[in-house]
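Enquirer: sharing a model prediction with you, sequence too.
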Amino acid sequence: MRIGVAATPDVAIPSLDWLKDSEHELVRVITQPDRPSGRGQSVKSSSVSDWASTHAIEVVKPDSIEALNSALEGLDLLITIGFGRILPKKSLEIPRLGCINLHFSLLPKYRGAAPVQRAIEMGETQTGVTVFQLDEGMDTGPIYCSRTFSIPPTHRSFELLSDLSVVGALALSQALTEIENGATPVAQSGQASLAKKLTREEADIDWHNSCAVIVNKIRAFYPSPTAWTTFREQPLKISKAVLGDTNYGLEPGQLLVADDMCLIGTLDGTICLVSVIPSGKKEMSALDWSRGARFTGTEHCG
């Protein structure tokens, strides 16, 4: 099949690697236009764009529906992976066999922009990938195949996304075989849920929540926007934390350095801060940060 891939993030790269070496023809890659990024706001291309350039694959960066539709001409199938926009019906009808999407959840659970992050935040122990036929809705189309994946208890969102991107390439291989064999995708069934984009406002940690809720939020929100709190009236990002083995009797938000650990109290116990990002500084171990901060008596976060 003559295939195009519309994608932007690096989670698409395992699928692109597989397609490049498969019996299919990877005709072109469609990605978002270059945009300012980082503190310096320098213009950068997407990870997918860089991959395509490295492998001498045609790259198209449409800035209009007309340009996008032109890029879909001559394709048997379009695969979307985190492309970042919903395609209109007219676009979906251009490839001969339509369009499919690789989504990082077991649909219909966690439709939307942040399925992996929301699954971790909710304390899920299992997730997966789904390959489905695109329609005009948001992740509502019928399913070709899905694969389950157990979430390691210490995985953060970027680590889980990395694992699922590999599983996703296997699922795409299965889906393309089914499409070639004329299989009909199956309508989604079960309870649907929405995985909204993460915001910095909701990344603010409420230390009056339970240990499990807080640790899951820290796991889910890293690396962006990263869960945060305040310490001495300055923002402090928490990039990694684990459940504590011992209840030190700390109040919610109360800090303590003990047993070579940086500890903080919650509603129902204590968690251990592993790494943090102080305001204006790079990520560092929480213990090193706490030593540099030189706690004086009882100190609190939040």
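Expert: Now that the structure is in, tell me what you want to look at.
Enquirer: list the contacts for S189?
Expert: Listed by Cβ atoms under 8 Å, 6 or more residues apart in numbering, the contact set of S189 reads P108. Every C-beta, even on glycine, is put in place using the N, C-alpha and C of the backbone.
Enquirer: can I take it that it is in a strand?
Expert: No: counting by DSSP: H, G, I helix; E, B strand; the rest coil, S189 is not part of a strand but coil.
Enquirer: how near is it to K109?
Expert: 11 Å (Cβ to Cβ, to the nearest Å).
Enquirer: same thing with I86?
Expert: Taking Cβ to Cβ, one finds I86 at 19 Å from K109.
Enquirer: and for V215?
Expert: 21 Å.
Enquirer: which residues of this protein fall in helices?
Expert: 13-20, 47-54, 65-72, 89-92, 115-121, 157-180, 211-221, 286-293 (DSSP state H).
Enquirer: out of those, which is closest to G302?
Expert: Smallest distance to G302 across the helices of the chain (Cβ to Cβ): 10.8 Å, for helix 211-221.
Enquirer: give me the contact list for that closest one.
Expert: Helix 211-221 has contacts (Cβ under 8 Å, 6+ apart) with 117-118, 120-123, 154-157, 198, 203, 205-207, 227, 238-244, 266-271.
Enquirer: quickly list what T229 is bridged to.
Expert: Here T229 sits in beta bridges with L236, as judged by DSSP bridges.
Enquirer: what about it, how many residues nearby?
Expert: Residues near T229, counting by other Cβ atoms under 10 Å, number 20.
Enquirer: and this structure, what are its domains?
Expert: The chain breaks down by automatic domain parsing into domains covering 2-195, 201-293.
Enquirer: quick one: average pLDDT of the first one?
Expert: What that stands for is domain 2-195. What domain 2-195 shows for mean pLDDT is 95.
Enquirer: out of the domains of the chain, flag the one nearest G302.
Expert: domain 201-293 (4.4 Å).
Enquirer: what about that closest one, distance to the chain center?
Expert: On the basis of Cα atoms, centre = their mean, to the nearest Å, domain 201-293 sits 22 Å off its chain's mean C-alpha point.
Enquirer: need the contact list for P33.
Expert: P33 is in contact with K61, P62, D63, counting by Cβ under 8 Å, 6+ apart.
Enquirer: hmm, which of these are the buried ones?
Expert: K61, P62 (16 or more other Cβ atoms under 10 Å).
Enquirer: circling back: who has more neighbours out of I86 and K109?
Expert: Shown here are I86 and K109; by other Cβ under 10 Å, K109 has more neighbours (21 against 14).
Enquirer: and the closest residue in space to that one that isn't next to it in sequence, how many residues sit next to it?
Expert: Nearest residue to K109, sequence neighbours excluded (Cβ to Cβ, 6 or more residues apart in numbering): S193, at 5.1 Å. Residues near S193, counting by other Cβ under 10 Å, number 16.
Enquirer: thought S193 was touching L107?
Expert: No: between S193 and L107 there is no contact under Cβ atoms under 8 Å: 9.8 Å.
Enquirer: narrow the contacts of helix 211-221 to those in strands?
Expert: Secondary structure assignment by DSSP state E places I238, S239, K240, A241, V242, L243, T270, I271 of those in strands.
Enquirer: restricted to buried residues, select the contacts of helix 211-221 in PyMOL.
Expert: Buried members of the contacts of helix 211-221, defined by 16+ other Cβ under 10 Å, are picked up in PyMOL with:
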select buried, resi 117+118+120+121+155+156+157+198+203+205+207+227+238+239+240+241+242+244+266+269+270+271
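Enquirer: circling back: could I get the domains of the chain as CSV with distance to H300?
Expert: Converted to CSV, those look like this (distance: least, Cβ to Cβ, whole Å):
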stretch, distance to H300
domain 2-195, 24
domain 201-293, 5
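Enquirer: all strands for the stretch 1-150 of the chain, in order.
Expert: 2-7, 25-30, 35-37, 42-44, 58-60, 77-81, 99-103, 111-112, 126-133, 143-150 (DSSP state E, counting those that start in this stretch).
Enquirer: distance to E178 and mean neighbour count added to these, as JSON lines?
Expert: Converted to JSON lines, the strands of the stretch 1-150 of the chain look like this (distance: least, Cβ to Cβ, whole Å; neighbours: other Cβ atoms under 10 Å):
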{"stretch": "strand 2-7", "distance to E178": "15", "mean neighbour count": "24"}
{"stretch": "strand 25-30", "distance to E178": "19", "mean neighbour count": "20"}
{"stretch": "strand 35-37", "distance to E178": "35", "mean neighbour count": "11"}
{"stretch": "strand 42-44", "distance to E178": "36", "mean neighbour count": "10"}
{"stretch": "strand 58-60", "distance to E178": "27", "mean neighbour count": "16"}
{"stretch": "strand 77-81", "distance to E178": "12", "mean neighbour count": "24"}
{"stretch": "strand 99-103", "distance to E178": "10", "mean neighbour count": "24"}
{"stretch": "strand 111-112", "distance to E178": "22", "mean neighbour count": "18"}
{"stretch": "strand 126-133", "distance to E178": "9", "mean neighbour count": "22"}
{"stretch": "strand 143-150", "distance to E178": "5", "mean neighbour count": "17"}
